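**Q** what follows is a predicted structure for the sequence shown.
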Amino acid sequence: MASRDPVADLRRIAFLLERANESTYRVRSFRAAAKTIGPLPVTELAERAAAGTLGELSGVGDVTARCIAESLAGEEPVYLRRLESTEGTDLQGAAARLREALRGDCHSHSDWSDGGSPIEEMALAAVELGHEYLVLTDHSPRLTVARGLPPARLRRQLDYVAKVNDALPEGFRILTGIEVDILDDGSLDQEDELLVRLDVVVGSVHSKLRDESPRMTKRMVNALANPHLDILGHMTGRKVSASGEGDRGHRKGHTRPPSSFDLDKVIAACVEHGKAIEINSRPDRLDPPKRMLTVAVEAGCLFSIDTDAHAPGQLDWLRYGCERAALCGVPPERVVNTWSMERLLEWAAGHK
């Protein structure tokens, strides 16, 4: 396949980012990379791409290096393809349609762990928002700071949820679940017997977030291979300032940087095992970052757009996740919580 012009591709990306009113730092990164590689022979760039040393050039980062390598291989860079595919799209309209398609939320917390409201209040708020289901995912025992549920308390919660469901409006149901800690070796922080009983299991990393990339990668891949896990929660673990990244990408800075891991290996494990990546809608998370989300879309991943709500009003944060999903071209049919409750439960049960 004939090589494309990587300089032209980088400049086109910068142009489209500017037209979309994206942040200045992002535009500059692509223009700087184009300026750096412009005078260099294509043969040198090709050798560097093959050796994985493009990032050693001044002004070339991981994202721009990937774009250059794809262009040299004759492929339209994934980043550019995403921008071109959404060019002229009514993103607000696309986000609104995606929000209308969501039937529930797969990540929420109650006052049984670190949420601020009883299960009944969370459920009634979900009913008012038009949900058909809400997955209750209080924390697992290792997260003591969040009052994680040891096995005995989780069993009591399962009995309690069954009683609450009997009193809720017809057509709505609380689904049982957990946000289970992914432990250092990739195992899950709850008894297998209980994980089998749950409708949906979200697995998240909450400790040693600064682990070296190989260790974190192995930890996440092992967890994704576990038949009890259904959704990988807030995959980078990052925190951003309260204003976060706006719908135009104006990043205000990290309050906690993202974890380091091999994105391609983690995404490949998601695809291999049929697991979903969470698009976490919390304004202080907005996780995964858009560049990672775009790679996951291209790889054919499944997704779950969730609020990670700790209070009833936060259940209305789904729109933030829908905006990011629409911007990155996430197909609605690959969002598991656009599915009926029956299909969602069948999908999750198929992992066990």
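**A** Looks like it arrived, so ask away. Numbering: from 1, shown residues only.

**Q** all strands of the stretch 251-352 of the chain, in order?
**A** Per DSSP state E, counting those that start in this stretch, the stretch 251-352 of the chain carries strands over the ranges 254-256, 276-280, 302-306.

**Q** the chain now?
**A** Taking DSSP state E, the strands of the chain run over residues 104-105, 133-136, 173-181, 200-204, 231-232, 239-240, 254-256, 276-280, 302-306.

**Q** please name the strands paired to the fourth one in the sheet, noting orientation.
**A** Translated: strand 200-204. strand 173-181 (parallel), strand 231-232 (parallel) (DSSP bridges).

**Q** closest one to residue 312 among the strands of the chain?
**A** strand 133-136 (10.5 Å; CB to CB). For every residue, glycine as well, the C-beta is placed using N, CA and C.

**Q** helices or strands up against the closest one?
**A** strand 104-105, helix 119-128, strand 173-181 (3 or more CB pairs under 8 Å, 6 or more residues apart in numbering; DSSP states H and E).

**Q** want to throw the strands paired with strand 200-204 into JSON lines with mean neighbour count, distance to residue 255 and mean pLDDT?
**A** Converted to JSON lines, those look like this (neighbours: other CB atoms under 10 Å; distance: least, CB to CB, whole Å; pLDDT from 0 to 100):
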{"stretch": "strand 173-181", "mean neighbour count": "25", "distance to residue 255": "20", "mean pLDDT": "98"}
{"stretch": "strand 231-232", "mean neighbour count": "26", "distance to residue 255": "22", "mean pLDDT": "98"}
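
**Q** would you mind giving these as a markdown table with distance to residue 77 added?
**A** Below are those laid out as a markdown table (distance: least, CB to CB, whole Å):
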| stretch | distance to residue 77 |
| --- | --- |
| strand 173-181 | 35 |
| strand 231-232 | 25 |
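
**Q** those strands: which one's closest to residue 63?
**A** It is, among these and with distance given as CB to CB, strand 231-232, at 21.4 Å.

**Q** any chance you could list what contacts the closest one?
**A** The set of residues external to strand 231-232 that reach it, using CB atoms under 8 Å, 6 or more residues apart in numbering, is 106-107, 200-204, 220, 223-224, 266, 270, 275-278, 304, 306, 336.

**Q** rerun that using 10 Å as the cut-off
**A** Strand 231-232 is contacted by residues 106-107, 135, 137, 177, 179, 182, 200-205, 220, 223-224, 266-267, 269-270, 275-278, 288, 301-304, 306, 336-337, 348 when judged by CB atoms under 10 Å, 6 or more residues apart in numbering.

**Q** and residue 234, how far is that from residue 175?
**A** 19 Å (CB to CB, to the nearest Å).

**Q** and for residue 331?
**A** Between residue 331 and residue 175 the computed distance is 23 Å (CB to CB).

**Q** one more: residue 324?
**A** Shown here: residue 324 relative to residue 175, a distance of 24 Å by CB to CB.

**Q** cool, residue 274 as well?
**A** Distance from residue 274 to residue 175, counting by CB to CB: 18 Å.

**Q** hmm, back to that, relative to residue 192, which of the strands paired with strand 200-204 is closest?
**A** strand 173-181 (11.0 Å).

**Q** from the chain's centroid, how far away is the closest one?
**A** Distance of strand 173-181 from the chain centroid (CA atoms, centre = their mean, to the nearest Å) equals 18 Å.

**Q** how near is the closest residue to residue 77 other than its chain neighbours to residue 45?
**A** Nearest non-adjacent residue to residue 77, counting by CB to CB, 6 or more residues apart in numbering: residue 67, 4.0 Å away. From residue 67 across to residue 45, the span is 12 Å (CB to CB).

**Q** is it true that residue 322 touches residue 93?
**A** No: look at residue 322 against residue 93 with CB atoms under 10 Å: they stay out of range, at 11.1 Å.

**Q** which one's more surrounded, these two?
**A** For residue 322 versus residue 93, neighbours defined as other CB atoms under 10 Å are more numerous around residue 322 (25 against 10).

**Q** list the contacts of residue 15.
**A** Residues in contact with residue 15 (CB under 10 Å, 6+ apart) are 27, 30-31, 83.

**Q** show me which pair in those residues is furthest apart.
**A** Farthest-apart pair in the contacts of residue 15 is 31 and 83; separation 14.7 Å (CB to CB).

**Q** the more surrounded of those two?
**A** When residue 31 and residue 83 are compared for neighbours, residue 83 comes out ahead with 21 against 18, by other CB under 10 Å.

**Q** quick one: the closest residue to residue 96 other than its chain neighbours and residue 347, what's the gap?
**A** Among residues not flanking residue 96 along the chain, residue 322 sits closest, at 7.6 Å (CB to CB, 6+ apart). The gap separating residue 322 from residue 347 is 20 Å, by CB to CB.

**Q** can you check residue 184 too?
**A** Taking CB to CB, one finds residue 184 at 28 Å from residue 347.

**Q** neighbour count winner among those two?
**A** It is residue 347, of residue 184 and residue 347, that has more neighbours when counted by other CB under 10 Å, with 17 against 14.

**Q** and the residue lying closest to the more buried one once chain neighbours are set aside, how many neighbours?
**A** Counting by CB to CB, 6+ apart, residue 347 lies nearest to residue 336, which is 6.3 Å off, once chain neighbours are set aside. Residue 336: 24 surrounding residues under other CB under 10 Å.
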